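>>> Whatever this is, show me its structure:
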Amino acid sequence: MARLTIRPILILLLSLIFVSAASAQVCVECHKKITPGIVNDWQLSKHSKNRIDCSECHGDQHKSAQDVPKAKIPTPDTCANCHEAQVKQFKAGKHAASWAAMKAMPTIHWQPMALTEGMKGCGGCHKIGLKSEADIKELKKEGAGFGLASCDACHTRHAFSVKEAKQPQACQTCHMGFDHPQWEMYSGSKHGVRYLLKQNKILPETIAAPTCQTCHMQGGNHGVRTAWGFLAVRLPMPDDKQWIGDRATILQALGVLDPDGKPTARLDVVKAADVARLTQEDWQRERDKMVKTCNRCHSVNFAKGELTKGDQMIKEADHLMAEAIRAVADLYKDGILPKPKNYAYPFPDLLTFHDAPTVIEQKLFVMFLEHRMRTFQGTFHANPDYAFWYGWSEMQRDLTEIKTMAAEMREQIKKEKK
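Okay, the predicted model is just below:
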């Protein structure tokens, strides 16, 4: 009886495999002529070896050149059919919120669509984030809706290689440049140098050499979170009185606190985008994870000491930043610099970025998003040159320029009144 029951099941499974293989072969024969690179990548992939054919991700409705729009564009939920744990981790992490974070920026709609929805500017990296149904509909207006899958930002389609995604270069495209040059910091640090020598077979495979993923994806977790978050601001406030005032000023310039120090609606955006830790417990959880990771190669005392230096550099950078913010806010207060109509409060809005309307406000934006970021990121990434020359030193010069410009503007007003 058992044989009679099992035999039809085996026949059915073999039939399904045969049909799947036949279906994949039809796709391959056509696409070898049209997109040979895609076919080659798929044939090299584990998907191909495990008989995961095109229809698993793209559906089975596209059958000819005349019905191309019927081919589905995968989303993370498509990947979750097989990779449920990884997608669940991803959805709980900051990468998942990156599309929403980009769209929440006050002047993002001032950019050309090709830079955002076209994914040639901010959208080129922030596409890793989850999209709402409205987002998907909008993206499909601009084209076929490519860039919905998120997972393929690191596991490049159609090979979807785990080995590729584990390399630090997989992070390089996005984590470099103006406001977050983590690739430059890492690759120039001793950590990065040792790993690149290891990749080149100059150092042995067993040598201790961390990648970005070693520190930020502990145990392969796809959450990718850090203690300080992207902007290095957090709650609760510190015990240090000076730092309390400085951080409050920065939060006001980010629009998270109003002039009276009370939370604004933008705090909800910060929460949704997961760019800051808002409880001590949340911050400590991420810090403990990092200490545990560092302890694989360093003593706990060394690891805690180095991370504390990063904390202290945030404090020092915040003091310079707050002084510069107050200098511009005082110009608004005294009627010397007109407050832009789109600013909700009498503080410069650091999230308007390059759309800030005057040179002094532009300088403030660069001080915050380029030089302050490099000061603390360079410290945490063990890159002395970025921490000092491209970070702290530049902040000092920014502050001098801002104070000088503010004084000149005040002097000009005095002359005009005479």
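>>> For the stretch 151-300 of the chain, which residues score under the pLDDT cut-off?
For the stretch 151-300 of the chain, no stretch has pLDDT under 70.
>>> Name the residues of the helix or strand residue 315 falls within that come out as buried.
Using DSSP states H and E, residue 315 falls within helix 300-333. Across helix 300-333, burial judged by 16 or more other C-beta atoms under 10 Å covers 303-304, 307, 310-311, 313-322, 324-329, 331-332. For the C-beta atoms, the positions are set from N, CA and C on the backbone; glycine is no exception.
>>> And stretch 84-97, by the same measure?
Across stretch 84-97, burial judged by 16+ other C-beta under 10 Å covers 86-87, 89-91, 93-97.
>>> cool, stretch 154-161 as well?
Within stretch 154-161, the residues that count as buried by 16+ other C-beta under 10 Å are 154-155, 157-161.
>>> Could you dump the buried residues of stretch 84-97 into a markdown table with secondary structure, pLDDT and distance to residue 356 added?
Shown next, in a markdown table, are the buried residues of stretch 84-97 (DSSP: H, G, I helix; E, B strand; the rest coil; pLDDT from 0 to 100; distance: C-beta to C-beta, whole Å):
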| residue | secondary structure | pLDDT | distance to residue 356 |
| --- | --- | --- | --- |
| 86 | helix | 97 | 39 |
| 87 | helix | 97 | 38 |
| 89 | helix | 97 | 37 |
| 90 | helix | 96 | 34 |
| 91 | helix | 95 | 34 |
| 93 | coil | 92 | 30 |
| 94 | coil | 90 | 26 |
| 95 | helix | 94 | 28 |
| 96 | helix | 95 | 29 |
| 97 | helix | 92 | 25 |
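>>> Can I get those residues in a markdown table including distance to residue 207?
Formatted as a markdown table, these follow (distance: C-beta to C-beta, whole Å):
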| residue | distance to residue 207 |
| --- | --- |
| 86 | 28 |
| 87 | 33 |
| 89 | 28 |
| 90 | 30 |
| 91 | 35 |
| 93 | 29 |
| 94 | 30 |
| 95 | 29 |
| 96 | 33 |
| 97 | 35 |
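>>> which among the residues you listed gets closest to residue 395?
Among those, residue 94 lies closest to residue 395 (C-beta to C-beta), at 25.1 Å.
>>> hang on, the closest one packs against residue 272?
No - with contact defined as C-beta atoms under 8 Å, residue 94 does not count as touching residue 272 (10.9 Å).
>>> does residue 307 really touch residue 289, like I thought?
No - taking contacts as C-beta under 8 Å, residue 307 lies outside contact range of residue 289: 11.4 Å.
>>> got a pLDDT number for residue 12?
Note for residue 12: predicted pLDDT of 46.
>>> Equivalent analysis for residue 135, please.
pLDDT at residue 135 comes out at 87.
>>> Within its local environment, how many residues does it see?
Neighbour count of residue 135, defined by other C-beta atoms under 10 Å: 17.
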